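1. Below is the sequence, then the predicted model.
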Amino acid sequence: MIKIAPSILAADFANLERDIRRVEPAADWLHVDVMDGFFVPNISFGLPVLRAVRRCTELFLDVHLMVIKPERYIEAFAQAGADLLTVHLEADDPVGVAAALRRMDRCGVKKAVALRPITGAEAVLPYLEQLDMVLVMTVEPGFGGQSFLTSQLETVRRVRALIERVNPACRLEVDGGVNPVTARQVLEAGADTLVAGSAVYGAENPAAAIRALRGE
């Protein structure tokens, strides 16, 4: 089943609860991008905002940690209300990534790893058997509103093949430049979970925009 996760990075921060309510009727998940200004050259929001979001919605919270050495923050974000936490393979060494995933287990949250465009699909293999999701970035992480990188479709296909071989229950999420046109491309390549920011919050009717991403 396709899941759509609107990214609140594209929402109006001064009216965040309102913008969450606008997508609730059609969205499956809510995507929360946490940026530290080191792993990516941007700073977004952190624990206080996630706690506030958790208080105002029952949507599944898909929290994408774009932070250096994320293992330090797993417990805090789990306690703040994350349902799933995604860490980047490029944000730490393999020992640190494995430690972050173990901490997710202890905190009772679902586990995911993310790949930047510079990282090959096979990098997920040491972790894939235990994952609930893999996130393939189809833009360079850090800023919303970027253009979709068609070169990443091959990475999506390769990750899908690995998932089918190793852990068929694992979801495959795509984030970056997703709109009704590119949504079709990534779904055909094997994705089943789509993050969309500008395509949803830049639309006059965000719920209708979500339905368009599903092809309805």
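-> That came through fine.
2. any idea of the pLDDT on the residue lying closest to residue 179 once chain neighbours are set aside?
-> On the basis of C-beta to C-beta, 6 or more residues apart in numbering, the spatially nearest residue to residue 179 that is not a chain neighbour turns out to be residue 199, at 4.3 Å. (Glycine included, C-beta is placed from N, CA and C.) At residue 199, the model reports a pLDDT of 93.
3. what's the neighbour count on residue 216?
-> Using other C-beta atoms under 10 Å, the number of residues around residue 216 comes to 8.
4. measure it to residue 201 for me?
-> For residue 216, the distance to residue 201 equals 19 Å [C-beta to C-beta, to the nearest Å].
5. Show me what the helix or strand that contains residue 34 is packed up against.
-> Taking DSSP states H and E as the definition, one finds residue 34 inside strand 29-35. Where contact means 3 or more C-beta pairs under 8 Å, 6 or more residues apart in numbering; DSSP states H and E, strand 29-35 is packed against strand 3-6, helix 47-56, strand 60-66.
6. by contact count, what packs against the second one?
-> Put plainly, it is helix 47-56. Packed against helix 47-56, as judged by 3+ C-beta pairs under 8 Å, 6+ apart, are the following elements: helix 16-23, strand 29-35, strand 60-66, helix 74-80.
7. how about these in JSON lines, adding mean neighbour count?
-> Formatted as JSON lines, the helices and strands packed on helix 47-56 follow (neighbours: other C-beta atoms under 10 Å):
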{"stretch": "helix 16-23", "mean neighbour count": "17"}
{"stretch": "strand 29-35", "mean neighbour count": "24"}
{"stretch": "strand 60-66", "mean neighbour count": "24"}
{"stretch": "helix 74-80", "mean neighbour count": "18"}
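8. quick one, helices of this protein?
-> Read by DSSP state H, the chain holds these helices, from start to end of the chain: 16-23, 47-56, 74-80, 94-107, 152-166, 180-189, 198-201, 206-213.
9. and for the longest one, what are the contacting residues?
-> To tie it back to what came earlier, the one meant is helix 152-166. Counting contacts by C-beta atoms under 8 Å, 6 or more residues apart in numbering, the residues outside helix 152-166 that touch it are 115, 117, 120-122, 124-125, 128-129, 134, 136-138, 170, 172, 174, 176, 185-186, 189-191.
10. Next, the buried residues of it.
-> When neighbours are counted by 16 or more other C-beta atoms under 10 Å, the buried residues of helix 152-166 are found to be 152, 153, 155, 156, 157, 158, 159, 160, 162, 163.
11. Identify the bridge partners of the spatially most central residue of the chain.
-> A centroid search over the chain (C-alpha atoms, centre = their mean) returns residue 64, at 5.1 Å, as the residue closest to the centre. Here residue 64 sits in beta bridges with residue 33, residue 86, going by DSSP bridges.
12. check contacts around it.
-> Contacts of residue 64 by C-beta under 8 Å, 6+ apart are 31, 32, 33, 34, 86, 114, 135, 175, 195.
13. Now render those as a markdown table, adding distance to residue 52 and pLDDT.
-> Formatted as a markdown table, these follow (distance: C-beta to C-beta, whole Å; pLDDT from 0 to 100):
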| residue | distance to residue 52 | pLDDT |
| --- | --- | --- |
| 31 | 16 | 97 |
| 32 | 11 | 97 |
| 33 | 15 | 95 |
| 34 | 14 | 96 |
| 86 | 20 | 98 |
| 114 | 24 | 98 |
| 135 | 24 | 98 |
| 175 | 22 | 94 |
| 195 | 20 | 96 |
